[in-house]
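>>> Sequence and predicted structure below; questions after.
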Amino acid sequence: MKILKGDKVKVIIGKDKGREGEVIKSFPKKSTLVVKGLNIFKKHIKPSQNQPGKIVEKERPLYISKLILICPECKKPTRVGYKIDKSGAKYRICKKCQSIINSSKSTSVSTSKK
């Protein structure tokens, strides 16, 4: 996935269109992300012997196609590209300003062939 946990994103489709938030959890197999403070729904909890009933607000996952990454350098919504340097490390790059996005989260790619 091109958007990872800790990235700042902007919603481009849906009821929260135009709002920004930070990714707190990702589900790569479902292509969804949970964004802090966005796509909130109210869950009604039944009363039990130990606690009274209440209404809790929780975040629901958003599809990755409804989100766009905000570059930490140029502060603009941008698409994500990849670049592999000579040592074989793979980096995410901003398509607008060509700066490296979170190089600490990069993964190395093996160049040996079998």
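Arrived safely, thanks for sending. Numbers count the residues shown, from 1 in each chain.
>>> Just the buried residues of the top strand by length along the chain, please?
As assigned by DSSP state E, the longest strand anywhere in the chain is strand 20-27. The neighbour-count check on strand 20-27 (16 or more other Cβ atoms under 10 Å) flags 20, 21, 23, 26 as buried. Where C-beta positions appear, they are placed from N, C-alpha and C, glycine not excepted.
>>> Who does the closest residue to the first one other than its chain neighbours form a beta bridge with?
So that's residue 20. Leaving aside its sequence neighbours, residue 20 sits nearest to residue 10 (Cβ to Cβ, 6 or more residues apart in numbering; 4.9 Å). Beta bridges link residue 10 to residue 20, residue 68, judged by DSSP bridges.
>>> ok, residue 10 - contacts?
Counting by Cβ atoms under 8 Å, 6 or more residues apart in numbering, residue 10 makes contact with 18, 19, 20, 67, 68, 70, 77.
>>> care to break the protein down by domain?
1-70, 76-114 (automatic domain parsing).
>>> the strands in this structure, which residues?
Under DSSP E, the chain gives strands at 8-11, 20-27, 32-35, 40-45, 54-59, 62-63, 67-70, 77-78, 80-84, 89-94, 100-101, 107-108.
>>> nearest to residue 2, of the ones you listed?
strand 80-84 (4.0 Å; Cβ to Cβ).
>>> Could you name the residue of the chain that is farthest from its center?
Within the chain, residue 49 marks the point farthest from the mean C-alpha position, 38.7 Å out by Cα atoms, centre = their mean.
>>> What pLDDT is listed against it?
At residue 49, the model reports a pLDDT of 91.
>>> Equivalent analysis for residue 88, please.
Predicted confidence (pLDDT) for residue 88: 88.
>>> Please apply the same query to residue 28.
92.
>>> burial of it, as a residue count?
Applying other Cβ atoms under 10 Å, we find 10 residues neighbouring residue 28.
>>> Can you mark which positions in stretch 90-97 are buried?
So, applying 16+ other Cβ under 10 Å, buried residues of stretch 90-97: 91, 92, 93, 94.
>>> Tell me the one of those nearest residue 33?
Among the buried residues of stretch 90-97, and counting by Cβ to Cβ, the member closest to residue 33 is residue 92, at 15.2 Å.
>>> All set, thanks.
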